[in-house]
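S.K.: pasting the sequence and the predicted coordinates here, then a few questions.
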Amino acid sequence: MNPSQPPSGVSTLELSLERGRLGLKAQAIWAGEDLMVLITGGDRPHLGAVAAATPRASLSNPERNSATASVLTYVGHKEDGPAKHIAEALAAALNTKVIVAAGMHWEDVTQAELDHIANLLTELQQKLLAELQPISV
């Protein structure tokens, strides 16, 4: 999909990553020029946080694109960081408004698994960018 020429109507993309019991799923939905992404995973997918990002010129280098986001986190949830980071990365790279909703839960997760989940989220973000980036000519 080419965000400079977004699809008309609504189109979707689904991605998933799985490493043992650690799995993540992303569903990206273009609604005209705007992008919505739902990231879930674990034993109990849910909504833990929502980040709404908009592109803007970088404050340190106006020649580059950046983004800023507002985040809503439900009490007791920790998905605000990943939702904000991914929303800003997508908004800056695609130069479009992006909403990322995230909810992931694994029972009895260890610190090593949390570190691995962070790596999976980075990998998922890279896959989303690769699939959603405009094709270079």
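M.R.: In hand now; what should we look at?
S.K.: for Met36, give me its contacts.
M.R.: Shown in contact with Met36 (Cβ atoms under 8 Å, 6 or more residues apart in numbering): 28-29, 98-101. In short, each C-beta sits where N, CA and C put it, glycine included.
S.K.: hmm, 6 Å instead?
M.R.: Met36 is in contact with 29, 99, counting by Cβ atoms under 6 Å, 6 or more residues apart in numbering.
S.K.: check Ala51 too.
M.R.: By Cβ under 6 Å, 6+ apart, the residues touching Ala51 are 69, 71, 83-84, 87, 100.
S.K.: regarding the protein, what is its longest helix?
M.R.: Counting by DSSP state H, the longest helix found in the chain is helix 111-132.
S.K.: now that helix: buried residues?
M.R.: Buried residues in helix 111-132, counted by 16 or more other Cβ atoms under 10 Å: 113, 117, 120-121, 124-125, 127-128, 132.
S.K.: ok, the residues you listed vs Val37, which is closest?
M.R.: Lowest distance from Val37 to the buried residues of helix 111-132 (Cβ to Cβ) belongs to Leu128, with 6.9 Å.
S.K.: would you map the helices across this protein?
M.R.: Assigned by DSSP H, the helices in the chain fall at 80-94, 111-132.
S.K.: quick one: the last one to chain centroid distance?
M.R.: Spelled out, it's helix 111-132. Mean-position distance between helix 111-132 and its chain equals 10 Å (Cα atoms, centre = their mean, to the nearest Å).
S.K.: which one is Phe100 nearest to, not counting chain neighbours?
M.R.: Wrong residue type there; residue 100 is Val, not Phe. Distance criterion Cβ to Cβ, 6 or more residues apart in numbering; nearest residue to Val100, sequence neighbours excluded, is Ala87 at 4.1 Å.
S.K.: close enough to count as contact, the one you found and Lys97?
M.R.: No - contact criterion Cβ atoms under 6 Å: Ala87 and Lys97 do not qualify, at 9.4 Å.
S.K.: circling back: next, count neighbours for the residue nearest to Val100.
M.R.: When neighbours are counted by other Cβ atoms under 10 Å, Ala87 registers 30.
S.K.: thanks a lot, see you next time.
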